[in-house]
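1. I'll drop the sequence and a predicted model, then ask my questions.
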Amino acid sequence: MSMEKEQIIRTEYSEIMQKSYIDYAMSVIVSRALPDVRDGLKPVQRRTLYDMYELGVRYDRPYRKSARIVGDTMGKYHPHGDSSIYGALVVMAQDFKYGLPLVDGHGNFGSIEGDGAAAMRYTEARLQKITQQAYLADLDKDVVDFIPNFDATEKEPSVLPVKIPNILVNGAEGIAVGMATSIPPHNLGEVIDGVIAYMKDPDITTEEMMEIIPGPDFPTGGIVINKDDLKAIYETGNGKIKLRGKAEIEPMKGGKERIVITEIPYTMIGANIGKFLNDVYSLVETKKTTDIVDISNQSSKEGIRIVIELKKGADAQNICNLLYKKTRLEDTFGVNMLVVAEGRPETMGLVEIIRHNVQFQYQLATRKYTTLLNREREKQEVQEGLIKACDVIDLIIEILRGSKSRDQVKKCLVEGATEGIRFKSELSEKTAAMLRFTERQANAILDMRLYRLIGLEIEALIREHDETMKHIEFYEKVLGSRAQMAKVLMKELKDLKKEFAVPRKTVIENAAAAVYEEKKQEAIPVMLLMDRFGYVKSIDISTYERNREAADAEFRQIIPCMSDDRICLFTNTGQMHLVKMADVPFGKFRDKGIPVDNICNYSSSSEEIVAILCLADIMDKKLLFVTRTSMIKLVEGAEFDVSKRTTAATKLAEGDQVLCVGAAAPEDTLALQSEKNYFLRIQVSDIPEKKKGAIGVRGMRLGKEEGIVSAWILKEDSEYAVKVKDKEVVLNRLHVGNRDTRGVKR
């Protein structure tokens with residue numbers, strides 16, 4: 001035996017990877033994720049439906065276990081995970097996902113709220129009536145090509161002979177490699193009317209088509225609110241549909257009202273209903289609204305019913321607008337009408353999808369009526385042979401009795417060969433020699449039963465022949481004229497519409513953007529409390545007065561302000577953080593509060609608060625800044641009225657820190673204490689006014705490696721005393737010196 005020499009092909013690794021990945025990507029696109037424009041089905045759906053058809057799980061027969069259907073599909077046509085097959089089966093049975101369910105499910109097939117279906121061993125299924133009539137009919141008439149399955153042991157249809165644009169009726173969702181499809185469902189009756197309109201006028205425009213198919217029809221209902229955008233979406237196959245749920249305002253006892261949501265956006269089905277409820281809870285918790293008293297999900301098999309109870313006097317329409325703005329009660333459905341056409345992914349508009357479907361219908365009809373015509377012609381041939389045989393039946397019986405084999409009789413009937421056959425007379429033999437039946441006719445004569453010679457049976461045979469001739473005439477007429485074929489197709493479509501069409505559920509309109517007007521809360525005087533751990537809260541003035549002693553002992557900062565004020569936190573790093581009082585929890589004296597870090601950009605690990613001031617109190621005042629290196633300046637308080645949550649309050653030299661920030665009047669004085677216990681008291685009116693971005697001027701002349709340890713803003717009518725080495729220093733009695741001097745030693 002001669003061994004073949006091993007051949008090593010050298011190639012660039014990146015080229016192999018590129019080719020392999022492109023092959024994989026195309027496989028996913030064409031054979032898994034994207035639907036075919038002709039039948040609107042992905043391979044797993046097509047194979048599942050065909051397997052149910054093969055198993056005989058028809059709409060008028062008993063249900064079969066889903067596990068049997070899944071196992072059979074997997075073994076014969078779809079050699080992938082059973083979960084993908086059962087998942088496809090479940091979705092095709094869910095009336096809240098499919099505008100036109102293709103499978104009749106029996107058992108727990110999941111719910112609109114996201115509950116999964118029961119295991120396939122518990123559920124049963126069968127085909128829907130429309131699936132048989134519009135999706136699987138005519139498979140026995142050679143209307144589509146059959147291809148070998150994965151192991152070439154079975155044949156499967158390359159496409160199902162679907163009579164309606166399923167891609168539009170049921171929509172599609174799929175994620176491939178580098179591309180995705182998202183097609184909304186539409187109303188069956190409208191789509192059928194659209195197909196008929198195209199057949200009558202192939203030059204129909206998108207605008208004209210939209211008079212028949214105004215937009216999507218989602219099984220969950222809802223309202224499409226951007227009607228004017230739909231033309232561009234249907235023209236290009238891309239765009240965004242804005243959807244709203246249907247919310248009704250109902251009166252309750254005691255003059256209250258409630259919002260009842262009876263329809264949800266299609267995008268909310270599943271886990272997003274629970275998310276919607278959580279979003280409403282969050283609106284209440286974060287005090288975006290105080291008008292919602294209770295929310296309950298009363299949905300059942302009868303439909304969606306989410307009830308939101310409101311306070312007495314609440315503006316229900318305003319709350320609806322809040323829900324539209326802040327929750328998924330108003331959502332966006334991204335449209336990308338990407339389909340597989342002739343083995344290639346392609347984005348199509350509405351009319352183009354219908355055009356492809358109509359072309360497919362003509363192909364199906366041509367193949368169907370060609371097959372039927374051939375069958376009728378075969379019947380015609382047989383019937384004409386039998387009728388002719390009845391006229392010479394005595395001769396045929398004579399041939400049969402005088403022959404030795406079936407082949408001998410057949411040869412005589414087809415070719416007039418009389419050799420070896422005994423005839424009663426020479427005339428019979430001459431007549432037999434003139435016989436010229438076809439092969440098919442001869443077989444039919446030989447297979448004919450004697451009862452067919454009864455007079456009534458012969459009449460029935462003639463009637464059958466007349467019927468066959470009518471069929472042949474009709475089929476030839478259909479195949480010979482495109483207009484006649486269109487007429488037949490339109491009648492079929494009208495019959496389907498009459499039996500299966502349902503009223504539209506989704507409303508299509510142009511709606512104004514939801515505007516929520518926040519109710520201004522009346523500002524009340526409160527006390528801001530901050531403890532030594534940086535937790536803040538606010539309480540009303542009366543609560544503070546009742547607990548003054550405990551509050552003064554427990555809290556590091558106590559600041560009177562209004563509930564709508566903003567608070568300025570000045571830190572040693574020269575930053576100012578703004579805190580909205582609306583974000584500070586208001587409650588009881590013993591409530592814990594929240595860390596101030598949570599409601600502003602202050603970082604307790606890298607900064608230290610040196611002053612907390614109410615913005616409203618400093619707007620018409622000047623703020624005095626003192627740093628460790630004795631840099632001082634005055635800044636207009638209005639400069640800190642900024643929109644940013646954090647701003648630089650002052651410029652600092654490297655290694656410097658802010659020591660003190662406070663409001664100061666011209667008649668006030670500033671006392672500074674250095675590390676070596678030098679004191680300097682200067683007039684505030686001597687301190688220059690600067691912008692917040694300035695570094696300031698020197699206040700006290702310091703010794704080498706000396707810094708300021710304390711600073712006090714002294715009022716005229718108050719006395720301040722500090723202890724230095726067990727001696728008391730009264731700051732107001734210090735001599736008022738000049739700025740940038742050493743001061744006095746104490």
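-> Thanks, I have the structure now. Since the model is a prediction, treat every value here as computed from it, not as a measurement.
2. mind listing what L659 touches?
-> Residues near L659 by C-beta atoms under 8 Å, 6 or more residues apart in numbering: N572, V610, V626, T627, R628, I708, V709, S710, A711. Every residue, glycine included, has its C-beta placed from N, CA and C.
3. from those, which would you call buried?
-> N572, V610, V626, T627, R628, I708, A711 (16 or more other C-beta atoms under 10 Å).
4. how much space between K497 and L127?
-> Per C-beta to C-beta, to the nearest Å, K497 is found 20 Å from L127.
5. An error on my part: the question was meant for E607.
-> For E607 relative to L127 (C-beta to C-beta), the value is 70 Å.
6. out of those two, which sits in the busier spot?
-> L127 (24 against 18; other C-beta atoms under 10 Å).
7. so where's the stretch 501-650 of the chain shaky on pLDDT?
-> 516, 518-521 (pLDDT under 70).
8. quick one: contacts of the helix or strand containing A671?
-> Taking DSSP states H and E as the criterion, A671 maps to strand 669-674. Here strand 669-674 makes contact (C-beta under 8 Å, 6+ apart) with 624, 626, 630, 632, 664, 679-684, 687, 699-700, 702-703, 706-714, 720, 722, 731-732, 734, 736, 743.
9. Got a ChimeraX select line for the buried ones in those?
-> Only the buried entries of these go into this ChimeraX selection, using 16+ other C-beta under 10 Å:
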select :624,626,630,632,664,679,680,681,682,684,687,699,700,702,706,707,708,711,712,713,714,731,732,734,743
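10. what angle separates the helix or strand hosting L634 from strand 669-674?
-> Using DSSP H and E, L634 sits in strand 631-636. With axes from the mean of the first three to the mean of the last three C-alpha atoms, to 10 degrees applied, the angle from strand 631-636 to strand 669-674 works out at 150 degrees.
11. Run the chain-centre distance for the helix or strand following strand 631-636.
-> Once the chain leaves strand 631-636, the next helix or strand it forms, by DSSP H and E, is strand 646-648. Mean-position distance between strand 646-648 and its chain equals 41 Å (C-alpha atoms, centre = their mean, to the nearest Å).
12. Would you mark the buried spots in strand 646-648?
-> For strand 646-648, a neighbour-count test (16+ other C-beta under 10 Å) marks T647 as buried.
13. got it, and stretch 103-113?
-> Residues V103, D104, G105, H106, G107, F109, G110, S111, I112, E113 are the ones in stretch 103-113 that count as buried (16+ other C-beta under 10 Å).
14. got the contact list for the residue nearest the centre of the chain?
-> Most central in the chain under C-alpha atoms, centre = their mean is T267, positioned 4.6 Å from the mean C-alpha point. T267 sits next to L243, R328, D331, T332, F333 when contact means C-beta under 8 Å, 6+ apart.
15. Check the buried ones among the contacts of L659 against N321 and report the nearest one.
-> Of all the buried ones among the contacts of L659, N321 sits closest to V610, with 43.8 Å by C-beta to C-beta.
16. Was I right to think the closest one contacts T573?
-> No. With contacts counted by C-beta atoms under 8 Å, V610 stays clear of T573, the gap being 9.6 Å.
17. so what sits against both of those two?
-> V658.
18. measure stretch 181-197 end to end?
-> 26 Å (C-alpha to C-alpha, to the nearest Å).
19. How far off centre is it?
-> In this view, stretch 181-197 has its centroid 20 Å away from the chain centroid, taken as C-alpha atoms, centre = their mean.
20. what's the answer for stretch 379-393, then?
-> 65 Å.
21. One more: stretch 597-608?
-> 39 Å.
22. then stretch 597-616 to PDB, C-alphas only?
-> C-alpha atoms of stretch 597-616 as PDB (Å, rounded to 0.1, in the frame of the first residue of the first chain):
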ATOM      1  CA  ASP A 597     -21.100  62.300  51.400                       C
ATOM      2  CA  ASN A 598     -24.300  60.700  49.800                       C
ATOM      3  CA  ILE A 599     -25.900  63.900  48.800                       C
ATOM      4  CA  CYS A 600     -22.900  66.000  47.700                       C
ATOM      5  CA  ASN A 601     -19.300  65.400  46.400                       C
ATOM      6  CA  TYR A 602     -17.700  65.900  49.800                       C
ATOM      7  CA  SER A 603     -15.200  63.100  50.600                       C
ATOM      8  CA  SER A 604     -14.700  62.500  54.300                       C
ATOM      9  CA  SER A 605     -11.600  60.500  53.700                       C
ATOM     10  CA  SER A 606      -9.600  63.300  52.000                       C
ATOM     11  CA  GLU A 607     -11.300  66.500  53.200                       C
ATOM     12  CA  GLU A 608     -12.300  68.200  56.500                       C
ATOM     13  CA  ILE A 609     -15.300  70.500  56.800                       C
ATOM     14  CA  VAL A 610     -14.200  73.900  58.200                       C
ATOM     15  CA  ALA A 611     -17.500  75.800  57.900                       C
ATOM     16  CA  ILE A 612     -21.100  75.100  57.000                       C
ATOM     17  CA  LEU A 613     -23.100  78.200  55.900                       C
ATOM     18  CA  CYS A 614     -26.600  78.700  54.500                       C
ATOM     19  CA  LEU A 615     -26.300  80.200  51.000                       C
ATOM     20  CA  ALA A 616     -29.300  82.500  51.500                       C
END
